[in-house]
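In: got a sequence here, can you model it:
(2 chains)
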Amino acid sequence: MSAPRRRLAAVRRFAGSRSAVVGAVGLGALVLVAVLAPIVAPFDPAAQGGEPLLGPSGAHLLGTDQLGRDIVSRMIHGARGSLIVAAGAALVGAGVGVPLGLVAGYLGRWADTIAMRVVDLLLAVPGILLALVIIAVLGPGRVNLILAIGIGAVPEFARLTRVATLEVRERDFVLAAKGMGASTADTMARTVLPNVLGPIMVQFVITASTAVVVEAGLSFLGLGTPPPAPSWGGMLQDARSYLYQSPTYGLFPGICLAATVFFLERIGRGLQLAVGGGGSRAGVRGVGRGAV
Amino acid sequence: MSISPRQSRLVSRRTLLRTGLAATGALAAAPLLSACGSGAATGGGSDASKLTLGTTKIMQFDPYLTNTDIHIHAFYTYLVDYPSDGTYQAVPAGAEKWEFAADHKSVTLTLRAAKYHSGAAVSAADVVAGIKRAQNPDAAFTLAQPSAFIDSATADGDRTVRVTFKAPTPEALVIDWMFAFPLIPADKNDPKQLEHQPAGSGPFRLGEFRRNQRLKLTKNPDFYDAAKPYLDEVEYRFFTDEDALVAALESGSVDGAAYIGFRHSERLKSRFTLVQGGGRMSLFFMNATIAPFDNKLLRQALARAIDRERIIKQVNFGIGAPIYTAFMPSSPAFDGAYLDAHGFDLDAAAALLEKSGGARAATAGVTSGSPSVEALQIIQADLKKIGFELEIAPQEEAAYLEALFASKLQCTVAAQPNNLQSPSLIARGRQMLPGKENTTFREKVPPAYVEAVAAAGSALTPQDQQAAYAELNKVLAEESWAIGISTQPSLFALDKRVTGLDTDPRDFVTLTDTKA
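Out: Numbers count the residues shown, from 1 in each chain, chains lettered A, B, ... in the order given. Below you'll find the model as predicted:
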């Protein structure tokens, strides 16, 4: 089957999965709201004018927080932050991990040994601990959060790409490319990489979903985006102090977090199905953190 | 009688039903019965003479090296006590009387006949040895500043000590020192020994200590007040998480929760007795050693942009009182007029900001997750209205403290104790010291401040004292590096059966009059 046909079949398989479509639509809506945040948010998320800890009302749909800020507006702008960090962390992880895995898998021998030992070193440290250390050294902030979570995701991308590359590099079309005089870099970039992209895409979505949770966790610990920038994890942390006065305060950021992870997970599953049915057979299972 | 297989099955079902109901009943009744009985026997030690308090604080036993530990007062007798009503009327404790020389250059103390927990008698030589240690800031940071006025001490017999001062010293400062000075046997007055084993003559002895688990105190039968303490045993249980501590209180596992956050007050106030201790003060510190706060006018501008009422209402849950110049309302130097004359006024702040010509941005360091983050957000929003961008950089606590003490933070909101009688003891905190150790000025401590502290510590007559305190307030307002926000009382939630638990002016818990 030709590459375009394979891609079309994968898209059809993805579209045929109802849960994947639900995920895609849900995430699409979230992205849209995040992009249009300044337009759709009814108030400035940092404006402290309102009465504190108001319950849901016509003026403030989900009420106000402890400093009188509109919770809806903070959640909408918080979505922006969460999604930027999720996408950024996945890009950093893929940006470093994929080339590393590609080189390790394609060149083998010493390159493979060195690359995999570096990956093992990163795998030896739990992801959240690694993120905490990086934040402690670099300080809080959105860019540092992306780096902290993204670096933790490098091993998964590297191992996944290496496994997929090991399978693809002995295929006829790769040998043919080499036989036609293509350079090593050219073969890796133009021949091998496009054929291992499927599982990498799945891993990208899984990493983004993990990043949303880790970002919320770090924000919950007060090490995420500095105030007054809103973040769902930070809102949950704040709401914890006011459960008695405003029980609904923490409910909405929690629902948003759970929904985003659900949407991403559904998309990941859909992609896994789509990719697993054609393309590379290298799955995403068993190559991530904790795999032997 | 024979039983058909069908009957047998019916009997079997009935038996099964009965057995099931009995088992269910027993399972349901067990916790109920247990709960009924636990009120008196277990579940938090509600025995007539036992009290169980939960705390999140880590402890050690050296009173020369702590400002905050909850249990210290239980182990030691101090020369005098202050009553818990906020006044500074000294009550004899370790010293049964004291007599000032007419020239205010010495005091003669007569010690009460008392015994340490070891059985040894309290002696004048112990006080002399203790004063020597107190004068070494490295060995006694808590006591070094209150003892700085002392020149020497000599024992005159077993129970009399003559303490000589470097210069005529006001009685208030001497009494503050006596209040902070614990009696410890000379041969055990060593940081290494006291770190693990208290050696005092206070109302309670050390029963058992398991770090990060529990601390048990048992009644000292040789305490100088034979009728006290009322409790036979006090147990402190450690909780790493404040919410777990409050949950333990609500479930009855402990009789009281110590030093809890204000956020719990609303939830607990109807079911528990809330006790507020003296606590500390919350201040906005600006570091004058680095830009942009090396600009005095800029500091003055920001000092006018602190909305104390809103911070007390929204961050402190209505607990605490507004302050301006780093004096608690109980201090003789507290001057409420500053809150009116220098209070929250964004127009005045904007005018001063314009006049200062300084930078329009700064970064505030703060411990992540602390209430100071919210106080800073309120200040941040107000400063934004006058064109000043305050960035908030939350940090992990250890990193924050390291940066704070190394003078690396531009500004911050932090708590300070300043709750003794003599206003000169304002110069105890690291941001308030009158020398180069001051973390907000280093070598550039304003001479006027040094002079004002010295004057407050040497004014003898009431008129001179009033003038000295007024001058100290004036310098603090003029230099504007430590701007008072509010008092931060310590908060205890106690089972309604617990009475008589207080804190002294240093915020140490006093259990001598406690009943449970």
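
In: now the stretch 401-516 of chain B against chain A: closest residue?
Out: Chain A sits closest to residue B:403 of the stretch 401-516 of chain B, with a gap of 10.6 Å, by Cβ to the nearest Cβ. All C-beta atoms are positioned from the backbone trio N, CA, C, and that covers glycine.

In: ok, now chain B?
Out: residue B:368 (2.8 Å).

In: re earlier: can you get me a residue count around the residue of the stretch 401-516 of chain B closest to chain A?
Out: 15 (other Cβ atoms under 10 Å in any protein chain shown).

In: quick one: the helix or strand hosting it to chain centroid distance?
Out: Assigned by DSSP states H and E, residue B:403 falls within helix B:397-405. Remark: helix B:397-405 is offset 20 Å from the chain centroid, using Cα atoms, centre = their mean, to the nearest Å.

In: then stretch A:109-128?
Out: Computed by Cα atoms, centre = their mean, the chain-centroid distance of stretch A:109-128 equals 21 Å.

In: with stretch A:141-156 instead?
Out: On Cα atoms, centre = their mean, the centre of stretch A:141-156 falls 10 Å from that of its chain.

In: rewinding a little: output the contacting helices and strands for the helix holding residue B:403.
Out: strand B:361-367, strand B:411-416 (3 or more Cβ pairs under 8 Å, 6 or more residues apart in numbering or on different chains; DSSP states H and E).

In: quick one on the thing from earlier: contacting residues around the residue of the stretch 401-516 of chain B closest to chain A?
Out: Residues in contact with residue B:403, defined by Cβ atoms under 8 Å, 6 or more residues apart in numbering or on different chains, are B:365, B:395, B:409.

In: residues from the stretch 101-250 of chain A in reach of chain B?
Out: Residues of the stretch 101-250 of chain A found near chain B (Cβ under 8 Å from any Cβ of the partner chain) are A:136, A:139-140, A:221-223, A:226-228, A:237-238, A:240-242, A:244-245.

In: and which of these is nearest chain B?
Out: residue A:222 (2.8 Å).

In: now the residue of chain B closest to chain A. Nearest residue, chain neighbours left out?
Out: Excluding its sequence neighbours, the residue lying closest to residue B:368 (Cβ to Cβ, 6 or more residues apart in numbering or on different chains) is residue A:222, at 2.8 Å.

In: what kind of secondary structure is the most centrally placed residue in chain A in?
Out: Ranked by distance to the mean C-alpha position of chain A (Cα atoms, centre = their mean), the top residue is residue A:208 at 0.9 Å. Secondary structure state of residue A:208, per DSSP: H, G, I helix; E, B strand; the rest coil, is helix.

In: out of the helices and strands packed on helix B:397-405, which is closest to residue B:158?
Out: Distance to residue B:158, taken as Cβ to Cβ, is lowest for strand B:411-416 among these, at 39.4 Å.

In: what residues does the next helix-or-strand element following that closest one touch?
Out: Per DSSP H and E, the first helix or strand lying C-terminal to strand B:411-416 is helix B:447-456. In this structure, residues lying in contact with helix B:447-456 by Cβ under 8 Å, 6+ apart are B:333, B:422-424, B:426-427, B:434-435, B:465, B:468-469, B:471-472, B:474-476, B:478-479.

In: for helix B:447-456, buried residues please.
Out: B:449-450, B:452-456 (16 or more other Cβ atoms under 10 Å in any protein chain shown).

In: after it, next one along is what?
Out: helix B:462-479.

In: would you mind getting the angle between that following helix and helix B:447-456?
Out: Calculated by axes from the mean of the first three to the mean of the last three Cα atoms, to 10 degrees, helix B:462-479 forms an angle of 160 degrees with helix B:447-456.

In: then helix B:462-479 to PDB, C-alphas only?
Out: Taking C-alpha atoms only, helix B:462-479 is exported to PDB below (Å, rounded to 0.1, in the frame of the first residue of the first chain):
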ATOM      1  CA  PRO B 462       8.700  57.700  81.100                       C
ATOM      2  CA  GLN B 463       9.200  61.100  79.300                       C
ATOM      3  CA  ASP B 464      12.500  60.000  77.800                       C
ATOM      4  CA  GLN B 465      11.000  56.600  76.800                       C
ATOM      5  CA  GLN B 466       8.100  58.300  75.100                       C
ATOM      6  CA  ALA B 467      10.400  60.500  73.200                       C
ATOM      7  CA  ALA B 468      12.700  57.600  72.300                       C
ATOM      8  CA  TYR B 469       9.800  55.500  71.100                       C
ATOM      9  CA  ALA B 470       8.500  58.300  69.000                       C
ATOM     10  CA  GLU B 471      11.900  58.800  67.400                       C
ATOM     11  CA  LEU B 472      12.200  55.100  66.700                       C
ATOM     12  CA  ASN B 473       8.800  55.100  64.900                       C
ATOM     13  CA  LYS B 474       9.800  58.200  63.000                       C
ATOM     14  CA  VAL B 475      13.000  56.600  61.700                       C
ATOM     15  CA  LEU B 476      11.200  53.400  60.800                       C
ATOM     16  CA  ALA B 477       8.600  55.300  58.800                       C
ATOM     17  CA  GLU B 478      11.200  57.500  57.200                       C
ATOM     18  CA  GLU B 479      13.500  54.600  56.100                       C
END
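
In: which positions within it qualify as buried?
Out: For helix B:462-479, the neighbour count (16+ other Cβ under 10 Å) marks B:465, B:468-469, B:471-473, B:475-477, B:479 as buried.

In: same for it, what does it pack against?
Out: helix B:296-303, helix B:447-456.

In: at 7 Å what do you get?
Out: Helix B:462-479 is packed against helix B:447-456, with contacts defined by 3 or more Cβ pairs under 7 Å, 6 or more residues apart in numbering or on different chains; DSSP states H and E.

In: break chain B into its domains for me.
Out: B:31-75+B:202-279+B:490-516, B:77-196, B:280-487 (automatic domain parsing).

In: so which of the ones you listed is nearest residue A:73?
Out: domain B:280-487 (14.5 Å).

In: hey, where'd the helices end up in chain A?
Out: In chain A, the helices defined using DSSP state H lie at A:3-16, A:18-35, A:37-40, A:71-107, A:109-123, A:127-138, A:142-168, A:172-179, A:184-186, A:193-220, A:232-240, A:251-277.

In: ramachandran angles for the spatially closest residue to residue B:283 that is not a sequence neighbour?
Out: Nearest residue to residue B:283, sequence neighbours excluded (Cβ to Cβ, 6+ apart): residue B:482, at 5.0 Å. Dihedral pair for residue B:482: phi -130, psi 100, per degrees, to the nearest 10.

In: same question, residue B:155
Out: phi -90, psi 140.

In: what about it, neighbour count?
Out: 17.

In: show the pLDDT at the nearest residue to residue B:471 once chain neighbours are set aside.
Out: Nearest in space to residue B:471, with sequence neighbours left out and distances taken as Cβ to Cβ, 6+ apart, is residue B:452 at 4.9 Å. Residue B:452 is assigned a predicted lDDT (pLDDT) of 95.

In: ok, residue B:452 to residue B:478 distance?
Out: Relative to residue B:478, residue B:452 is positioned 10 Å away (Cβ to Cβ, to the nearest Å).

In: same check on residue B:75?
Out: Where residue B:478 is concerned, residue B:75 sits at a distance of 43 Å (Cβ to Cβ).

In: residues contacting the closest residue to residue A:218 other than its chain neighbours?
Out: The spatially closest residue to residue A:218, leaving aside those adjacent along the chain, is residue A:224, at 4.6 Å (Cβ to Cβ, 6+ apart). Listed by Cβ atoms under 7 Å, 6 or more residues apart in numbering or on different chains, the contact partners of residue A:224 are A:140, A:145, A:215, A:218, A:231, A:233-234.

In: between those residues, which is nearest residue B:209?
Out: Nearest member of those to residue B:209, counting by Cβ to Cβ, is residue A:218, at 35.5 Å.

In: look up how far residue A:135 lies from that closest one.
Out: 6 Å.
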